[in-house]
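Engineer: predicted model and sequence follow; I will ask about them next.
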Amino acid sequence: MKIVLFSLFGINVYSHGVFLTLAMIIGGLLLFRLANKEQLETKNFLYNYVVSLITGVFASRILFYLININSYQNIYQVAEIWEGGLVSFAGFVAGAFAFYLLLKTQKQKILPWFDLTGIVFPLALAIGRIGCVLNGEIGIKSNSIISYYGYAPVAAFEIYLGIAIFIINFSLYLYAKKHLIPYFLIFNFVAFYSFVRIFIDSYRADPSLLIGINLSQLTSLMVFIIAIISFSLYFYKGKWRQNGSR
């Protein structure tokens, strides 16, 4: 655990904030480069990206605060992002919705941008979770083979998951792009990530609901079902043909 990464002129620099910032910068640079490669309109990219990031971080922090409200002394602590505590699903949904609205207002192509986020976001997520590990975010006590000092390293699992999805989607993009239908990369990320999270989150230190699973597992399950249904409808209605092949 290394909550404070280093100190500069007496000011503590927190590992969570550093890796969250790195995730945003690296993710943005990669998305910008891929967008240029796809010849997408990037004139408003910086504005769209920053607005979406702020929206996503704010939403993920607010939801984390509401879920763990008993752990806070006052509402002002919601701004202490460097202390850790973000709900990735809330951040992704809110940020993606803001990005969608901006693209729609600017009359840009939407699906190509979202497919590229299916490559970029898993990598950014993995980088950000490094800060969570250093911040000491762990799961329940466990004596299993996957435990680390007696605890389940939930955040570390998400690092491996993000890297795995990034490698898969980036490889598909590089070597099989012509054979992929629009929307597949973003679907693959959301479906794969949420499905694995159903199992990972069983080790998260969240209170169980009446149905025997915790809130994180229920959220992951709902996102997975929505992803499957939306992609199935998109595919079987033939909308991918209307949007053309890659």
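Structural biologist: On my side now, so go ahead.
Engineer: list the contacts for the residue nearest to Q217 when sequence neighbours are not counted?
Structural biologist: Excluding the flanking residues, the one nearest Q217 by C-beta to C-beta, 6 or more residues apart in numbering is D201, at 4.6 Å. To be clear about C-beta, it is placed using only N, CA and C from the backbone, and glycine gets the same treatment. D201 sits next to 154, 214, 216-217, 220 when contact means C-beta atoms under 8 Å, 6 or more residues apart in numbering.
Engineer: so how far is P153 from D201?
Structural biologist: 13 Å (C-beta to C-beta, to the nearest Å).
Engineer: please apply the same query to F199.
Structural biologist: Counting by C-beta to C-beta - F199 and P153 are separated by 14 Å.
Engineer: more neighbours, those two?
Structural biologist: P153 (20 against 11; other C-beta atoms under 10 Å).
Engineer: ranking helices and strands of the protein by mean pLDDT, which lands last?
Structural biologist: helix 239-242 (a mean of 53; mean pLDDT, DSSP states H and E).
Engineer: ranges for the strands of the chain?
Structural biologist: Per DSSP state E, the chain carries strands over the ranges 4-8, 11-14.
Engineer: mind telling me which of these the model trusts least?
Structural biologist: Lowest mean pLDDT within the strands of the chain: strand 4-8, at a mean of 70.
Engineer: and the gap between K109 and F235?
Structural biologist: 19 Å.
Engineer: ok, now L101?
Structural biologist: 25 Å.
Engineer: all set now, cheers.
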